[in-house]
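Asks: take a look and give me a structure for this.
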Amino acid sequence: MSILAKILVVAEHDNQSIKAATLNTVTAALQCGDDVHVLVAGSNAKAAADAAAQIAGVKKVLLADAPYFADGLAENIADEVVSIAGNYSHILAPATAYGKNIAPRVAALLDVAQISEITKVDTTATDRDVFERPIYAGNVIATVRSADPIKVLTTRATAFDAASPTGGSASIESIPAVPDSSLACFVGREVTKLDRPELTSAKIIVSGGRGLGSGENYKRVLEPLADQLGAALGASRAAVDAGYVPNDYQVGQTGKIVAPEVYVAVGISGAIQHLAGMKDAKVIVAINKDPDAPIFSVADYGLVGDLFTEVPELTRQL
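Replies: Below you'll find the predicted structure:
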């Protein structure tokens, strides 16, 4: 196989637009080969396909349109991917809830191994079959070689720059939709509407931990700072488990992986599970009363002090 092999990206979308993590996945795909195709499986999803065709580096967009693709049920999307998988050497999906729901099914149906959350493609490998991925909460980077004829990969978005959403001119080809698997049906969706930036795409994140003591303190201390910075709000698992905030605020190994320009950690000790989710931030600011807290080992700027005094003062200074 050469780098001219065909690569398939499974697009995450809302039938109208392409989700940001797909752009990072396209960048990873371009490191696997030059001929990158994007699959848009949806319902009345022509607008999403048009958006995918504009992504720089994409050669072709495959549009599979059917009513039962409307809500992205993994059982149906995986069947669609498998129906065209024989044309590709690599199949990539973003390591979001969407991609992580589809990729394992695709790998199982193809009887190949899935390689999860790759952070690097070894571009010196002739067949582009060597990848890096974090293990042990990011404390070890494993180098993995796949001998499978089709590589099924999920990509950690924070490890790859986003491809430009404009500048491309890919062709759009309509392909047959596989029959409805009828294995699952869509019942409903509860969407949290935020006035702030979405956590995984925010440039600045203010995150709170157990040190805040309560949900009331979390709001009173952190929200004014986040308002001043135009930041998203996050939290450690300890803060989520204590009920300070909903679990969609959680950053870490079992939460969301983020890589903002600035990450402000307030009252967070820095357990390895949390560090795994935010250590790729460009600048890390830690505020904690314990000078020996592990968070200071990764912080670019550290402030040892009482967060209930220091954070309001920081907010006033801003």
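Asks: residues near the spatially closest residue to V304 that is not a sequence neighbour, how many?
Replies: Closest residue to V304 apart from its sequence neighbours, by CB to CB, 6 or more residues apart in numbering: P291 at 4.8 Å. To be clear about C-beta, it is placed using only N, CA and C from the backbone, and glycine gets the same treatment. Per other CB atoms under 10 Å, the neighbour tally for P291 reads 9.
Asks: try A56
Replies: Neighbours of A56 under the rule other CB under 10 Å: 17.
Asks: shouldn't the residue nearest to V304 be in contact with L303?
Replies: No: at 10.4 Å, P291 and L303 do not qualify as touching, with contact defined as CB atoms under 8 Å.
Asks: check contacts around the closest residue in space to E198 that isn't next to it in sequence.
Replies: Spatial nearest neighbour of E198, excluding adjacent residues (CB to CB, 6+ apart): A232 at 6.8 Å. A232 makes contact with L194, R196, P197, E198, L199, A202, I204, I205, V206, A226, P260, according to CB atoms under 8 Å, 6 or more residues apart in numbering.
Asks: switch to 7 Å and redo it
Replies: R196, P197, E198, L199, A202, I205 (CB atoms under 7 Å, 6 or more residues apart in numbering).
Asks: roughly how far does it sit from T166?
Replies: 25 Å (CB to CB, to the nearest Å).
Asks: where do the helices sit along the stretch 201-318 of the chain?
Replies: Counting by DSSP state H, counting those that start in this stretch, one finds helices in the stretch 201-318 of the chain at the ranges 215-217, 223-229, 237-241, 272-278, 307-317.
Asks: point out the most buried one among those.
Replies: helix 272-278 (a mean of 22; mean count of other CB atoms under 10 Å).
Asks: roughly how far out does that one sit from the chain middle?
Replies: Centroid displacement of helix 272-278 relative to its chain, using CA atoms, centre = their mean, to the nearest Å, is 15 Å.
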